[in-house]
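1. Here is the input, now give the coordinates:
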Amino acid sequence: MTLKNCLFILFILGFSIASLAQSERKITRKGNSQYETGNFVDAEIYYKKAIEKNSELLEAEFNLGDALMKQERFDEALEAFDKVSSTTEDLSLKANALHNKGNVLLSQQDLEGALESYEDALRINPKDNETRYNYAYVKKQLEQQQEQEQEQDEENKDENKEDQEQKEDNKDKGDQKNEDSENQDQENSEEKDQDKKDDQQDEGENQEDESKQDQKDKGQTEGEESDEEMKGDKPQPKENKLSPEEAQRLLDALKQEEDKVQEKMKKHKIKGDKVKIEKDW
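-> A predicted model of the protein is given here:
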């Protein structure tokens, strides 16, 4: 192959490559026009066509991420910005991709992830005012969120403490109520046992008194019958007069017997009320 032929082939290849690159960028520019008019779906279509022709066209990839973010397809947008930031050697494009990644994470309420992306962008371009503003905004939001979480934790601790104290108080009241009930049952049982003993004692005394009275009545009856028999069958003896001393002794004996009977009657009839002692604990 002659030198002339080689040069012709190189010229053709160079022209084809230039034409291809021009076609990709032309498609990208069409996508930009659609993006500026707010037609983000058509913009996405043009950007993807450009990337199909040249997968290394990172400008089209970056713009695709923007179009996806406008459609709130955040996960796909993150993939596009991650691809640009991890592969480009253009520091300006890399910083912009990290900035936009932070915006997507902020839209997803991932404050920590957004703050980290803004920090990475500022390391590359510390003079970017927009990135610095976003960084300060997100940092402030995180501080407020942490303060609210701490306050909420304190409130929860206080509520849990109050609930625990209430439970313990209710438990103490329940235990005291059960104890009082048991004490009351015991006192009632003791009172019933005492009443039963008193009734048994009274019944025994009544039976004893009745037995003695029956014996006395029986003695008197037998005496009377004996007197009547003596009167009927035997001549009555002459009435003997008692001396004053004998009469006095007889009166004293009768009086003592009467006092014993009265004392027994009092013991049988009079019964003091039981006093219930209230506990002071």
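2. make it CA atoms for all contacts and neighbour counts henceforth
-> OK.
3. any weak-confidence spans in the chain?
-> 1-22, 195-242, 254-255, 257-281 (pLDDT under 70).
4. again, only this time at 50
-> 2-20, 224-226, 228-239, 265-281 (pLDDT under 50).
5. Now do the domain split for it, please.
-> Listed by automatic domain parsing, the domain ranges of the chain are 25-70, 89-143.
6. Could you say which helix or strand holds the nearest residue to Tyr46 once chain neighbours are set aside?
-> Ranked by Cα to Cα, 6 or more residues apart in numbering and with sequence neighbours excluded, the top spatial neighbour of Tyr46 is Gly31, at 4.8 Å. Using DSSP states H and E, Gly31 maps to helix 3-36.
7. likewise Asp193?
-> helix 129-233.
8. do the same with Lys94
-> Going by DSSP H and E, Lys94 is part of helix 91-107.
9. quick one: Asn178 and Gln141, what's the gap?
-> Per Cα to Cα, to the nearest Å, Asn178 is found 54 Å from Gln141.
10. List the residues that contact Glu44.
-> Applying Cα atoms under 8 Å, 6 or more residues apart in numbering, we find Glu44 in contact with 31, 64, 67-68.
11. hey, which of the domains of the chain is tucked in deepest?
-> domain 25-70 (a mean of 20; mean count of other Cα atoms under 10 Å).
12. separation between Thr28 and Gln145?
-> Thr28 is 41 Å from Gln145, by Cα to Cα.
13. I'd guessed Lys53 sits against Glu24; true?
-> Yes - using Cα atoms under 8 Å, Lys53 makes contact with Glu24 at a distance of 6.6 Å.
14. How about Ala114, nearest residue that isn't a chain neighbour?
-> Nearest one to Ala114, counting by Cα to Cα, 6+ apart, is Gly102 at 4.1 Å.
15. Can I get the contacts of Glu44 in a markdown table including distance to Asp120?
-> As requested, the contacts of Glu44 are exported to a markdown table (distance: Cα to Cα, whole Å):
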| residue | distance to Asp120 |
| --- | --- |
| Gly31 | 28 |
| Leu64 | 21 |
| Ala67 | 23 |
| Leu68 | 22 |
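16. Among those residues, which one lies nearest to Pro244?
-> Leu68 (143.4 Å; Cα to Cα).
17. Surely that closest one is in contact with Phe81?
-> No - using Cα under 8 Å as the test, Leu68 is too far from Phe81 to be in contact (10.6 Å).
18. re earlier: tell me who's in contact with the residue nearest to Ala114.
-> Counting by Cα under 8 Å, 6+ apart, Gly102 has contacts 113-118.
19. what secondary structure does the nearest residue in space to Gln34 that is not next to it in sequence sit in?
-> Nearest residue to Gln34, sequence neighbours excluded (Cα to Cα, 6+ apart): Ala43, at 5.0 Å. Of the three states, Ala43 takes helix according to DSSP: H, G, I helix; E, B strand; the rest coil.
20. ok, now Glu72?
-> Put simply, Glu72 is coil when judged by three-state DSSP.
21. Secondary structure element for Glu112, which one?
-> Here Glu112, judged by DSSP H and E, is contained in helix 111-124.
22. May I have that helix exported as CSV, CA atoms only?
-> Only the C-alpha atoms of helix 111-124 are listed here, as CSV (Å, rounded to 0.1, in the frame of the first residue of the first chain):
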residue,chain,number,x,y,z
LEU,A,111,-29.3,14.7,55.1
GLU,A,112,-26.2,12.8,56.0
GLY,A,113,-25.6,11.5,52.5
ALA,A,114,-26.3,15.0,51.0
LEU,A,115,-23.8,16.6,53.5
GLU,A,116,-21.1,14.1,52.5
SER,A,117,-21.6,14.8,48.8
TYR,A,118,-21.4,18.6,49.3
GLU,A,119,-18.2,18.1,51.3
ASP,A,120,-16.6,16.0,48.5
ALA,A,121,-17.6,18.7,46.0
LEU,A,122,-16.1,21.5,48.2
ARG,A,123,-12.8,19.6,48.5
ILE,A,124,-12.6,19.9,44.7
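23. Right, I'll call it a day here.
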